[in-house]
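S.K.: my questions concern the predicted model and sequence given below.
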Amino acid sequence: MEYSLEYLLFDLLLVLLTYAYIFLTIIIPVQLKKRDKISKFTARKMVHFLAGLSVLSAPFFILPHFVILIAGSLTVLTYLSSKESKVKQLKDLYDSISEEAEEKSGRLMGPFFYCLSITLLMTIFVFLAPDQLYFPIAGILIMIVADTLASVVGKHWGRIKIHLPWTSTRTILGSVTMFGSAFLLCIGSFWYFGIFMTLTQKPLTWNIIILYSFITALVAMTIEIISPSTWDDLTVPIGSTIIIYLLTFIYYL
C-alpha cells in the first residue's frame with residue numbers, strides 16, 4: 001500500500017488527537033491534586049488508568065511507527081519529572097503523583113517504567129509483528145486497568161496478605177481481582193482487534209482467544225505478585241506479553 005499524502009494527514013491528525021487526550025488525562029488530575037480535591041493516590045491512579053488508554057489508537061494508524069514517537073516522548077517526559085526539576089510543570093507532576101517508594105530517587109520511577117514498557121512493547125511489535133498489536137495492547141491494558149483495580153481493591157478490602165521480602169504487601173483479593181480483570185481485558189483486546197478489526201490485524205478464533213486470555217492473565221497475576229511495586233509497571237506488561245507471544249509459536253508447532 002502506497003503511503004499517500006492523505007494517509008499522512010490522517011496519521012498526523014490522529015497524533016494530535018492522541019496527544020491532546022494524553023495531556024488532558026495528566027493535567028486534570030494534577031490540577032485537582034494541587035487544589036486538594038483529590039488525594040495523591042487518586043491522582044496517580046487517574047493518570048495511570050486514563051493516559052495509557054491512548055494505546056487503543058495504535059491499530060488505527062496507517063503508519064504505526066507514530067505510536068513509538070508518542071510513547072517515546074512521554075517516556076522522556078516522565079523521566080525528566082522530578083522533585084528537583086527546574087520546569088514547574090514537571091515538578092508539579094512529580095509532586096502530584098509520586099509515591100513514598102520514589103522519594104529516594106526523586107523521580108517518577110513507576111510512571112517512567114509505565115511509559116518505557118509501552119514504548120518497548122510497541123517498538124518490538126510495530127517492527128516485528130504489526131499485524132498482532134493485540135498482544136502488546138492486552139499487556140498494556142493489564143498494566144493500566146487490572147493493576148489499578150487490584151491496587152484499589154487490595155488496599156481497601158484485602159484482608160489476607162501475601163508477604164514477600166523483596167516486594168510490597170499484596171493481598172489475595174487484590175491478586176484475584178488482577179487475574180479476573182486481566183482475563184476480561186485480554187478477551188476484549190483479542191476479540192476487538194483479532195475478530196472485529198481483521199483488516200489490519202491477524203484473525204483469531206474464539207478458542208484461541210479464551211486460551212490466550214487465560215494464560216496471559218495467569219502470567220500477569222504471578223508476575224505482579226512477585227514484582228517490587230515500583231517495577232511492576234515494567235515487568236507485568238512486558239513479561240505477560242512476551243511470554244504469551246512466545247507460547248503462540250509452540251501452539252502452532
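M.R.: That came through, no problem.
S.K.: strand partners of the helix or strand bottoming out on mean pLDDT in the chain, parallel vs antiparallel please.
M.R.: When the helices and strands of the chain are compared on mean pLDDT, DSSP states H and E, strand 161-162 comes out lowest with a mean of 74. Under the criterion DSSP bridges, strand 161-162 sits next to strand 170-171 (antiparallel) in its sheet.
S.K.: name the helices or strands packed onto the very next helix or strand once past the strand it pairs with?
M.R.: Remark: after strand 170-171, the chain's next helix or strand is helix 172-191, criterion DSSP states H and E. In terms of contacts (3 or more C-beta pairs under 8 Å, 6 or more residues apart in numbering; DSSP states H and E), helix 172-191 is packed against helix 134-141, helix 147-157, strand 161-162, helix 206-226. The way it works is simple: take the backbone N, C-alpha and C, and place the C-beta from them, glycine included.
S.K.: quick check: angle from helix 172-191 to helix 147-157?
M.R.: Interaxial angle of helix 172-191 relative to helix 147-157 (axes from the mean of the first three to the mean of the last three C-alpha atoms, to 10 degrees): 160 degrees.
S.K.: kindly export helix 172-191 (C-alpha atoms) in CSV.
M.R.: Output of helix 172-191 as CSV, limited to C-alpha atoms (Å, rounded to 0.1, in the frame of the first residue of the first chain):
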residue,chain,number,x,y,z
ILE,A,172,-5.3,-12.5,47.9
LEU,A,173,-8.3,-10.4,46.9
GLY,A,174,-6.1,-8.0,45.0
SER,A,175,-4.5,-10.8,43.1
VAL,A,176,-7.8,-12.5,42.3
THR,A,177,-9.0,-9.1,41.0
MET,A,178,-5.9,-8.8,38.9
PHE,A,179,-6.5,-12.2,37.3
GLY,A,180,-10.2,-11.7,36.7
SER,A,181,-9.9,-8.2,35.2
ALA,A,182,-6.8,-9.2,33.2
PHE,A,183,-8.7,-12.2,31.7
LEU,A,184,-11.6,-9.9,30.7
LEU,A,185,-9.3,-7.3,29.2
CYS,A,186,-7.5,-9.9,27.2
ILE,A,187,-10.7,-11.2,25.8
GLY,A,188,-11.8,-7.7,24.9
SER,A,189,-8.4,-6.9,23.2
PHE,A,190,-8.1,-10.2,21.3
TRP,A,191,-11.8,-10.1,20.3
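S.K.: contact partners of that helix?
M.R.: Helix 172-191 has contacts (C-beta atoms under 8 Å, 6 or more residues apart in numbering) with 134, 137-138, 141-142, 145-147, 149-151, 153-155, 157-162, 204, 208-210, 212-214, 216-218, 220-221, 224-225, 240.
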